[in-house]
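*Asks:* With the input below, show me the fold.
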Amino acid sequence: MTTPNPPRVKHIFVTGGVASSLGKGITASSLGRLLRCRGLRVTMQKLDPYINVDPGTMNPFEHGEVFVTEDGGETDLDLGHYERFVDVSLTRDSNATTGSIYQAVLAAERRGDYLGKTVQVIPHITDEIKRRILRLATDDVDVVITEVGGTVGDIEILPFLEAIRQFRNDVGRDNVCCIHVTLVPFIGPSGEQKTKPTQHSVTELRSRGIQPDVIVCRSDQPLSEDLKRKISDLCDVPERAVVNAADASNLYAIPLVLHDEGFDDYVCGVLRCDDRPADLAGWRALVERIEAAERVVRIGIVGKYVRLPDAYLSVVEALKHGGFHHGAKPEIEWVEAEDVEGLLAAGRLHHLDGIVIPGGFGDRGIEGKVAAAGYAREHDIPCLGLCLGMQVMTIEYARDVLGLAGANSSEFDPETPHPVIDLMESQREVTDMGGTMRLGLYPARLVPGSQVAKLYGAEVVYERHRHRYEFNPKYRSRFEEAGFLCSGTSPDDRLVEFIEVPSHPFWIGTQAHPEFASRPDRPAPLFYEFIGAALDRAEGRNPQLIDV
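*Replies:* Got it, this is the predicted structure:
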């Protein structure tokens with residue numbers, strides 16, 4: 001394969017060893033932030049070894065949340081870390097799975113693109129992997145950071161490692177930097193940190209033809225200089241290339257930890273990038289604000305996947321972002337939706353300062369979410385409904401205020417007498433359920449003077465979506481006559497995007513997922529105001545929306 005590549009585009013590959021969940025995504029994201037602070041234009045990508053075509057059909061218990069890009073890509077949750085740290089809007093091209101790669105190669109074989117040749121892992125699969133990497137190397141990018149999922153030694157990632165090995169030869173040694181993230185565990189009985197897992201992991205990587213340029217060592221406590229020297233000697237990298245990522249006080253402090261280790265300086269040296277100093281003043285101010293936060297606000301997340309908090313990763317991060325800017329620390333209480341009715345009967349939710357009802361699919365736990373929405377409305381507890389959360393708020397209001405017995409979503413009860421949440425007529429004609437999904441960025445026109453318009457400070461806003469069912473417009477007038485405001489709609493006024501009860505301190509739902517666009521230094525307006533309302537409840541003050 002000929003590999004055209006703009007000569008100035010640099011490529012960084014991040015692999016992992018020893019154990020999963022070491023923080024490859026955070027390491028890659030932190031490096032992306034450091035390079036952005038040096039004035040470089042950065043984009044990022046995740047290569048996932050699983051055979052699913054994308055995470056869109058995967059159960060959240062399997063793989064955590066599905067992160068949605070502006071162009072409607074259903075992607076790995078690590079893309080959320082990339083966007084939050086690097087502050088770039090990625091696309092569906094920033095996530096590639098083994099399934100999507102094989103699918104593309106097989107489609108090309110069926111079209112006859114290979115002229116009858118035998119289709120093999122090398123060169124056809126590896127060429128497709130390299131094509132996925134190169135399509136991000138556009139004229140408006142200086143650095144492409146590619147994280148390889150899985151762990152070195154897994155059979156699934158062998159084609160990716162081979163593609164990376166070839167890639168360095170294709171684009172030139174000075175245009176590629178390989179970073180390997182490993183674990184240096186502390187063994188209690190011996191009272192020592194052990195480097196042997198790192199040595200074995202690097203040996204495995206080198207057996208695939210890849211010599212790491214930098215080794216990032218994860219540990220619970222800082223490594224001594226002696227241990228760094230040992231890793232340097234035994235893994236054949238300079239001492240400066242052994243970087244310690246010890247556990248930090250908070251996630252957003254990690255770029256500063258890595259910078260203090262000389263990480264970005266060394267990487268830029270490997271890539272022969274312009275030697276520009278990193279301007280970290282803004283990021284340092286953010287971390288100081290996080291660490292100075294003292295006020296506590298108790299937020300209940302009522303969900304159906306609460307046994308795996310990663311299923312709501314972006315929601316949790318967006319709540320933290322809102323808290324940072326109020327000088328507050330949100331304390332998350334996970335509430336299993338199926339348990340809500342019992343908890344309410346026991347008076348167990350009244351202590352919460354705010355309730356979030358996040359998105360999801362399927363009917364399990366729906367009645368618990370409806371009960372939580374009603375409890376929040378009746379007891380003036382700030383409540384934020386996201387996607388499915390907005391739908392259950394609508395169902396609750398229909399039943400308890402409008403008196404529509406049996407009101408429901410046709411997703412959960414196809415025979416409901418009052419389908420206040422339903423498919424649109426155009427969607428009913430689509431036999432492929434995937435074709436009825438609204439995915440990606442959509443506009444909403446806000447009602448002037450509404451709570452939502454005040455907190456966004458705009459007439460038209462854009463948020464990301466991932467859903468199939470909609471507010472049924474046939475019921476809209478009945479809702480609005482009963483004090484329920486459809487405060488944001490699609491520009492043609494057909495689809496309801498935001499709902500609120502103006503007489504409530506904060507009872508707002510959106511069909512969108514604003515959590516995906518929240519940033520630590522620029523929180524999503526809905527989350528910022530929700531935290532503000534929850535603090536008002538916590539501190540016994542009259543809730544008041546604050547314009548942003």
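*Asks:* Give me the pLDDT for residue 346.
*Replies:* We note a pLDDT of 64 for residue 346 in this prediction.
*Asks:* following the helix or strand of the chain with the lowest mean pLDDT, which helix or strand comes up?
*Replies:* Among the helices and strands of the chain, helix 425-428 carries the lowest confidence by mean pLDDT, DSSP states H and E, at a mean of 56. Proceeding N to C from helix 425-428, the next assigned helix or strand is strand 438-446, under DSSP states H and E.
*Asks:* What's the mean pLDDT across that next one?
*Replies:* 96.
*Asks:* got the contact list for that strand?
*Replies:* Here strand 438-446 makes contact (CB atoms under 8 Å, 6 or more residues apart in numbering) with 68-74, 452-453, 456, 458-468, 487-491, 493, 497-498, 512. C-betas here are computed from N, CA, C, even on glycine.
*Asks:* same check, this time on stretch 148-167
*Replies:* 3, 11, 13-20, 24, 46-50, 76, 78, 98, 101, 121-122, 125-126, 129-130, 133, 176, 178, 180, 201, 204-205, 208-210.
*Asks:* Stretch 188-206 now?
*Replies:* The contact list for stretch 188-206 (CB under 8 Å, 6+ apart) reads 15, 17-18, 152-153, 161, 180, 182-187, 211-212, 215, 217, 219, 221, 223-224, 227, 230-231, 234-235.
*Asks:* Can you flag the buried ones in the contacts of strand 438-446?
*Replies:* With neighbours counted by 16 or more other CB atoms under 10 Å, the contacts of strand 438-446 contain buried members at 68-70, 72-74, 452-453, 456, 461, 463-468, 487-490, 497-498, 512.
*Asks:* for residue 18, helix, strand, or coil?
*Replies:* Per DSSP: H, G, I helix; E, B strand; the rest coil, the local secondary structure of residue 18 is coil.
*Asks:* swap in residue 355?
*Replies:* strand.
*Asks:* on that earlier part again, helices - which of the contacts of strand 438-446 land there?
*Replies:* Judged by DSSP state H, helices contain the following of the contacts of strand 438-446: 452, 453, 456.
*Asks:* Turn those into JSON lines, columns for distance to residue 82.
*Replies:* JSON lines is the format used below for the ones in helices among the contacts of strand 438-446 (distance: CB to CB, whole Å):
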{"residue": "452", "distance to residue 82": "28"}
{"residue": "453", "distance to residue 82": "31"}
{"residue": "456", "distance to residue 82": "25"}
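*Asks:* what's the closest of those residues to residue 259?
*Replies:* residue 456 (34.4 Å; CB to CB).
*Asks:* Wait, the closest one touches residue 529, no?
*Replies:* No. Taking contacts as CB atoms under 8 Å, residue 456 lies outside contact range of residue 529: 9.2 Å.
*Asks:* for the one helix or strand residue 79 maps to, packing partners?
*Replies:* Here residue 79, judged by DSSP H and E, is contained in helix 78-86. Packing partners of helix 78-86 (3 or more CB pairs under 8 Å, 6 or more residues apart in numbering; DSSP states H and E): helix 24-36, strand 42-48, strand 67-68, helix 313-324.
*Asks:* Turn the ones you listed into TSV, columns for distance to residue 168.
*Replies:* Shown next, in TSV, are the helices and strands packed on helix 78-86 (distance: least, CB to CB, whole Å):
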stretch	distance to residue 168
helix 24-36	18
strand 42-48	16
strand 67-68	29
helix 313-324	33
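*Asks:* so which of the ones you listed comes closest to residue 381?
*Replies:* Per CB to CB, nearest to residue 381 of the helices and strands packed on helix 78-86: helix 313-324, 15.2 Å.
*Asks:* what angle sits between the helix or strand following that closest one and helix 313-324?
*Replies:* Counting by DSSP H and E, the next helix or strand C-terminal to helix 313-324 is strand 328-336. Angle, strand 328-336 to helix 313-324, by axes from the mean of the first three to the mean of the last three CA atoms, to 10 degrees: 150 degrees.
*Asks:* Buried ones in strand 328-336, by neighbour count?
*Replies:* If you call a residue buried by 16+ other CB under 10 Å, then strand 328-336 has these buried ones: 328, 330, 332, 333, 335, 336.
*Asks:* Who are the contact partners of the residue nearest to the fourth one when sequence neighbours are not counted?
*Replies:* In this case it means residue 333. Distance criterion CB to CB, 6 or more residues apart in numbering; nearest residue to residue 333, sequence neighbours excluded, is residue 300 at 4.7 Å. Neighbour list for residue 300: 332, 333, 334, 335, 349, 352, 354, 355, 356, 372 [criterion: CB under 8 Å, 6+ apart].
*Asks:* Next up, the contacts around the third one.
*Replies:* When contacts are counted by CB under 8 Å, 6+ apart, residue 334 is found next to 300, 301, 303, 306, 309.
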